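Asker: Fold the stuff below for me.
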Amino acid sequence: KITPIEGLLGRSGVKILLGMVAQVEEGQYYLEDPTAQIPISLTQTQLLTTGFITEQSIVLVEGELIDGTLLVHKIGHPIFEPRRNALDAIGLRETDIFGAIPTLGELAKLRAMEERHG
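Answerer: Numbers count the residues shown, from 1 in each chain. Sure thing, here's the model as predicted:
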C-alpha cells in the first residue's frame, strides 16, 4: 500500500511512497507529493529500474523515516503501461493523484487534446 508523505509522521517502519524528486535546498533532495515534502537520503539506496532518476522524476520509494529524513532503501520508476490499461484497472477518478486537474470540464478538454494529438 502506498503511504502519503504526511502519513509518515508518528509512524515507524518501512513504507512505500509515490512522489516527485525535488531539490528544495542546494545539495538536499526531497520527495514531494500533494500532502507534504520530506528530505531523503540516498546513501544506501538500491536502484530497482533502468534509466536515470533526476529532479522532477516521479518515483516509487521504499524507505523509513529516521530523525526527520526518509532513508531510501529502494527507488525506481513506476511501471509504464498504456493509459487505457491504467484507466481500466483503477478507474478515471483515481488517475489524478497529484490534483492537477481542477474540474471534470478540464479533464474533458485534456481527453479531447489527447485524442487529437495521440
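
Asker: okay, CA-based contacts and neighbour counts for the rest of this
Answerer: OK.

Asker: where's Q23, which helix or strand?
Answerer: Assessed by DSSP states H and E, Q23 sits inside strand 15-25.

Asker: Figure out how far that strand is from the centre of its chain.
Answerer: Centroid displacement of strand 15-25 relative to its chain, using CA atoms, centre = their mean, to the nearest Å, is 7 Å.

Asker: what's near enough to touch T50?
Answerer: Going by CA atoms under 8 Å, 6 or more residues apart in numbering, T50 touches G76.

Asker: And it, how close does it get to L8?
Answerer: 27 Å (CA to CA, to the nearest Å).

Asker: With K109 instead?
Answerer: Distance, K109 to L8, using CA to CA: 36 Å.

Asker: And E62, by the same measure?
Answerer: Separation of E62 from L8 (CA to CA) stands at 12 Å.

Asker: And the two? Which one has more around it.
Answerer: Set E62 next to L8 and count neighbours by other CA atoms under 10 Å: E62 wins out with 21 against 18.

Asker: Right, I'll call it a day here.
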